[in-house]
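Participant: Would you be able to build a 3D model of this:
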Amino acid sequence: MIFNSFEFIFLFLPIVFVIFYVFNKINFTFSKLWLLFASIFFYGYWNPSYLPLILGSLVVNYIIGTLLGKDRVTWKKTLLTVGIILNICLLGYYKYYDFFVTNINLVFSVNLSLMNLLLPLAISFYTFQQIAYLVDSYRQETKGYNFLNYGLFVTFFPQLIAGPIVQHGDVMGQFEDKKNRLINYKNISMGLFIFSIGMFKKVAIADYFAEFANKGFQMYESLTFVDGWITSLSYTIQLYFDFSGYSDMAIGLALLFNIRLPQNFNSPYKALSIQDFWRRWHMTLSRFLTTYIYIPLGGNRKGPVRTYINVFLIFLISGIWHGAGWTFVLWGISHGLAS
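Facilitator: Got it, this is the predicted structure:
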């Protein structure tokens, strides 16, 4: 079930929307429970076998985050390290295991078995969100949120699949704000408008240019100079409008429930430099990498050489995060060098 599918637009979304506001008139907690249930159903609709994975991750990270938020815990740094390692291992196992084994087989001429794991939906996004939450809990920046609000923070269906990557400060207060019980017609109209723009980007632009890109990739050995440029530019347009469209749809959907998600794109192809591009492209990922990796590494406070190393590292991590393959590693390296 994707945002532009018939079952989502004409069944799932209207049912969730109507029952949410009906429950709001009865009890605010009921409406949030309904939204959590709907979000879990939305996730499980893709592949129910991965529901235990995200639910187990929710419970473990919530417990660790709650302990980190307590004043009297003396082994916080160890607990934070364990929590981060658990999340990275979970992501690494499902997303990178076969990539590493393939390369080990190639380098050492062995024949280790591949597991051919199906990548769990949205694991890259909810892993980063929960790592950020653990770090903020360690810094005493969280407020002892209850499990219901935490569950919504991670699984809220508009942003669960393809972002934006939200931090607890972006939405937790909104989930607790009882003013959001009321139907806000301005938010609904804005939400439908933004969702429509996003769907136009996805269906009318991204999917259209995807046909040219896919055709070019399938016959890459016989492409002419002009065909090569058409394929490259088509893929560039497809990539941006697909991702930007999904982000717009997510922001619009969230507004239907009086939740404001952070902006994720700001005309990145108008950028005049690599640095400017990354201030405009996938802005919530850039914010995460800056806040939780670049600044803790020292940022630009330890001299030019260390600054260049830190910048290179976050782009390398960004490349690896985007996918398991040497093309993504090289993509990260090239952007790191260019920055």
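Participant: Output the below-cut-off pLDDT ranges for the chain.
Facilitator: Of all residues in the chain, those with pLDDT under 70 make up the ranges 73.
Participant: can you rerun that using 50?
Facilitator: For the chain, not a single residue meets the criterion pLDDT under 50.
Participant: So what's the residue count around residue 23?
Facilitator: Burial of residue 23 is recorded as 18 neighbouring residues (other C-beta atoms under 10 Å). For the C-beta atoms, the positions are set from N, CA and C on the backbone; glycine is no exception.
Participant: just checking, it touches residue 31?
Facilitator: Yes. With contact defined as C-beta atoms under 8 Å, residue 23 counts as touching residue 31 (3.8 Å).
Participant: Now for those two: what residues contact both?
Facilitator: Counting by C-beta atoms under 8 Å, 6 or more residues apart in numbering, no residue touches both residue 23 and residue 31.
Participant: Ramachandran coordinates for residue 112?
Facilitator: Main-chain torsions, residue 112, degrees, to the nearest 10: phi -70, psi 150.
Participant: so where does the nearest residue in space to it that is not next to it in sequence fall, helix or strand?
Facilitator: Distances taken as C-beta to C-beta, 6 or more residues apart in numbering put residue 101 closest to residue 112, at 5.0 Å, once the chain neighbours are dropped. Secondary structure from DSSP states H and E places residue 101 in helix 76-108.
Participant: Show me what that helix packs onto, helices and strands only.
Facilitator: helix 51-68, helix 123-138 (3 or more C-beta pairs under 8 Å, 6 or more residues apart in numbering; DSSP states H and E).
Participant: Determine the set of other helices and strands touching the last one.
Facilitator: Using 3+ C-beta pairs under 8 Å, 6+ apart as the contact definition, the elements that helix 123-138 packs against are helix 51-68, helix 76-108, helix 147-155, helix 157-160, helix 168-176, helix 283-289.
Participant: again, but for the first one
Facilitator: Judged by 3+ C-beta pairs under 8 Å, 6+ apart, the packing partners of helix 51-68 are helix 28-46, helix 76-108, helix 123-138, helix 147-155.
Participant: Show residues contacting the third one.
Facilitator: This means helix 123-138. Helix 123-138 has contacts (C-beta under 8 Å, 6+ apart) with 53-54, 57, 61, 64-66, 68-69, 76-77, 80, 83-84, 87-88, 90-91, 94-95, 142, 150, 153-155, 159-163, 165-169, 285, 288, 291-292, 321.
Participant: Now with 6 Å, please.
Facilitator: Residues outside helix 123-138 that contact it (C-beta atoms under 6 Å, 6 or more residues apart in numbering): 61, 65, 68-69, 76, 80, 83-84, 87, 91, 94, 142, 154, 163, 165, 167-168, 288, 292.
Participant: now the helices and strands packed on helix 123-138 in JSON lines, with mean neighbour count and distance to residue 129?
Facilitator: Listed next are the helices and strands packed on helix 123-138 as JSON lines, based on neighbours: other C-beta atoms under 10 Å; distance: least, C-beta to C-beta, whole Å:
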{"stretch": "helix 51-68", "mean neighbour count": "18", "distance to residue 129": "9"}
{"stretch": "helix 76-108", "mean neighbour count": "15", "distance to residue 129": "10"}
{"stretch": "helix 147-155", "mean neighbour count": "21", "distance to residue 129": "6"}
{"stretch": "helix 157-160", "mean neighbour count": "26", "distance to residue 129": "9"}
{"stretch": "helix 168-176", "mean neighbour count": "18", "distance to residue 129": "8"}
{"stretch": "helix 283-289", "mean neighbour count": "20", "distance to residue 129": "8"}
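Participant: To residue 7, which of those helices lies closest?
Facilitator: Among the helices and strands packed on helix 123-138, the nearest to residue 7 by C-beta to C-beta is helix 157-160 (13.5 Å).
Participant: so how far is residue 62 from the closest residue to residue 175 other than its chain neighbours?
Facilitator: In space, residue 175 comes closest to residue 149 once its chain neighbours are excluded; the distance is 4.6 Å by C-beta to C-beta, 6+ apart. Distance from residue 149 to residue 62, counting by C-beta to C-beta, to the nearest Å: 10 Å.
Participant: same thing with residue 253?
Facilitator: As judged by C-beta to C-beta, residue 253 and residue 62 stand 24 Å apart.
Participant: Could you do residue 307 as well?
Facilitator: 36 Å.
Participant: Could you do residue 207 as well?
Facilitator: The value you get for residue 207 to residue 62, if C-beta to C-beta is used, is 38 Å.
Participant: now swap in residue 240 and tell me
Facilitator: Per C-beta to C-beta, residue 240 is found 35 Å from residue 62.
Participant: cool, and residue 316?
Facilitator: On the measure of C-beta to C-beta, residue 316 and residue 62 end up 30 Å apart.
Participant: next one: residue 314
Facilitator: Per C-beta to C-beta, residue 314 is found 27 Å from residue 62.
Participant: again with residue 154
Facilitator: The spacing between residue 154 and residue 62, counted by C-beta to C-beta, is 9 Å.
Participant: How about residue 122?
Facilitator: 17 Å.
Participant: again, but for residue 268
Facilitator: 34 Å.
Participant: what does stretch 179-191 contact?
Facilitator: Residues from elsewhere that reach stretch 179-191, judged by C-beta under 6 Å, 6+ apart: 21, 24, 28, 252, 255, 256, 258.
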